[in-house]
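> Dropping the sequence and predicted coords here.
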Amino acid sequence: MKVNQFAPWVGTEEYLAIADCFESNWITEGPKSKAFSAQLLDLIGAKYGVFAPNGTLALYLGLRAMDIGPGDEVIVPDFTFIASATSVHMAGATPVFVEVNRDNFQIELSHADHLVNDKTKAIMPVHIYGTIADMDAVAQFAKKHNLLVIEDAAAALGVHYKGQHAGTFGDIGTFSFFADKTITTGEGGFVVTSNEEMHHKLLLLRNQGRVDRGSFIHPEMGYNFRITDIQAAIGQVQLAKLPQIIARKEAIKQYYLQRLGQIEEISFLTPAPEADWVPFRVAILADNAQAIRDFMKDKGVEPRTLFYPLHKQPCFAYLKEKNPQNMRSDNFPNSIYAYENGMSLPSFPALTEEQMAYVCSVIEAYYGK
Ligand SMILES: Cc1ncc(COP(=O)(O)O)c(C=O)c1O
């Protein structure tokens, strides 16, 4: 049997929704985008939202709306997808990496006071692998050091902490609608805020420095970060499927937890108390992760490592010259542990019962069970 790491879950409904764009002859950002935005804000519980072409540019827009730029530093977890940090670089600022916790690999701020200096302007909790950071601890840290908060909630649609949706705790929250995210529009991103001034900046930045389309007078410097109604049409159908998607992901997670939980060499993430867990992928941890991945590959199951620590990324080597102390590997044992011992299992909604059972039987076979 062959099991891919991921396959998108789109079908006839999305296809028919696109046809509607052609029939109404409205393909650029228009009525469907407006309706999709309102539905997302209703779900997330934020006051304002703007679309971006993807999650990376959503982060960039958010950082710029917070006035972050050259000379500023932003604290970013060491264990995340590269875009959390490259968006900071793109805004002209410097990412400063912080360790993650051992239970669920979310940002760990208990020993991060020394990272703050007079250049530090913001902190970016990243809600990783479908669960969410301890946002009480983030809020406390931000308040203590007078920092802005931008939440990278790329993979956290439908994820709450103490009943509040990811992306609404900080000044800005961002989401991704890439094919492997909870809902998809192919590519796409969304920025939320409840701050009116930041919302106004977002509107100007994303639409050529003007609020209204059609005017050739541009009060501010802005660009084109718009999406299309074709994407919004897909997004609306996907959003209607969200309860089904979450239920399916929950069922997959429970299956893996129950069956692979019998293998004592394997462990799972433990989300923070009162944190949801809608697995982006189900991550497992084992001492011999590389050997298991090789074995799985041989048996037709596509394996994937977890994220590579940012302080080791070749593209961030320049930061070692700036601050060798902060970039030392002994600051990041948990982030390194996650990469060296972790792997993600196929967890997409279209995964069949047979495929799930096969993935587990391959891992059991590796352990001789
Ligand atoms: C944590 C995180 N942040 C940002 C992004 C970037 O989103 P996009 O691929 O839509 O640019 C991703 C995408 O995988 C992500 O996982």
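Received it, and whenever you're ready, just let me know what you need.
> interface residues of the stretch 51-200 of the chain facing the ligand?
54-56, 80-81, 83-84, 126, 152, 154-155, 176, 178, 189 (CB under 6 Å from any ligand atom). C-beta here means a position set from N, CA and C on the backbone, and glycine is covered the same way.
> again, 8 Å this time
Residues of the stretch 51-200 of the chain lying near the ligand by CB under 8 Å from any ligand atom: 54-59, 80-81, 83-84, 87, 126-128, 152, 154-155, 174, 176-178, 180-181, 187-189.
> how about Lys121, secondary structure?
strand (DSSP: H, G, I helix; E, B strand; the rest coil).
> In contact with it, which residues?
Residues in contact with Lys121 (CB atoms under 8 Å, 6 or more residues apart in numbering) are 66, 68, 72-74, 93, 147-148.
> how far away is it from the ligand?
Look at Lys121 and the ligand: by CB to the nearest ligand atom, to the nearest Å, they are 19 Å apart.
> Equivalent analysis for Val3, please.
Counting by CB to the nearest ligand atom, the gap from Val3 to the ligand is 21 Å.
> got the contact list for that residue?
Counting by CB under 8 Å, 6+ apart, Val3 touches 300-302, 346, 351, 355, 358-359.
> Out of those residues, which end up buried?
Listed as buried from the contacts of Val3 are 301, 346, 351, 355, 358-359; burial here means 16 or more other CB atoms under 10 Å.
> Following the chain onward from the helix or strand hosting Glu23, which element is next?
Take DSSP states H and E as the rule and Glu23 turns out to sit in helix 12-24. Downstream of helix 12-24, the first helix or strand assigned by DSSP H and E is helix 31-44.
> what's downstream of that next one, the next helix or strand?
Where DSSP H and E defines the elements, the next helix or strand beyond helix 31-44 is strand 48-52.
> Taking their axis directions, that following strand and helix 31-44 sit at what angle?
If you take axes from the mean of the first three to the mean of the last three CA atoms, to 10 degrees, strand 48-52 sits at 130 degrees to helix 31-44.
> now what about strand 48-52, what contacts it?
Contacts to strand 48-52, defined as CB under 8 Å, 6+ apart, come from residues 29, 33, 37, 40-41, 58, 60-61, 174, 188-196, 199, 202-203, 206, 225-227, 232.
> let's see 6 Å
For strand 48-52, contacts defined as CB atoms under 6 Å, 6 or more residues apart in numbering pick out 37, 40-41, 58, 61, 189-193, 199, 202, 206, 225, 227.
> Just the ones in strands from these, please.
Judged by DSSP state E, strands contain the following of the contacts of strand 48-52: 189-193.
> show me what contacts whichever residue of the stretch 1-150 of the chain sits closest to the ligand?
For the stretch 1-150 of the chain, the residue closest to the ligand is Gly55, as judged by CB to the nearest ligand atom, at 2.5 Å. Under the criterion of CB under 6 Å, 6+ apart, the neighbours of Gly55 are 154, 176, 189.
> what's the answer for Glu274, then?
Counting by CB under 6 Å, 6+ apart, Glu274 touches Lys162.
> Could you rerun that using 8 Å?
Glu274 sits next to 161-163 when contact means CB under 8 Å, 6+ apart.
> now that we have the residues you listed, which one has the most neighbours?
Compared across these, Tyr161 has the highest neighbour count, 24 neighbours, by other CB atoms under 10 Å.
> got the phi/psi numbers for that one?
phi -120, psi 120 (degrees, to the nearest 10).
> just to revisit the earlier point, restricted to helices, list the contacts of Val3.
355, 358-359 (DSSP state H).
> of the residues you listed, closest to Gln140?
Of all these, Val359 has the smallest distance to Gln140: 39.7 Å, by CB to CB.
> Does that closest one touch Leu345 like I think?
Yes: with contact defined as CB atoms under 8 Å, Val359 reaches Leu345; the gap is 5.9 Å.
> what sits in contact with each of these two?
Here Val359 and Leu345 have Tyr256 as joint contacts, going by CB under 8 Å, 6+ apart.
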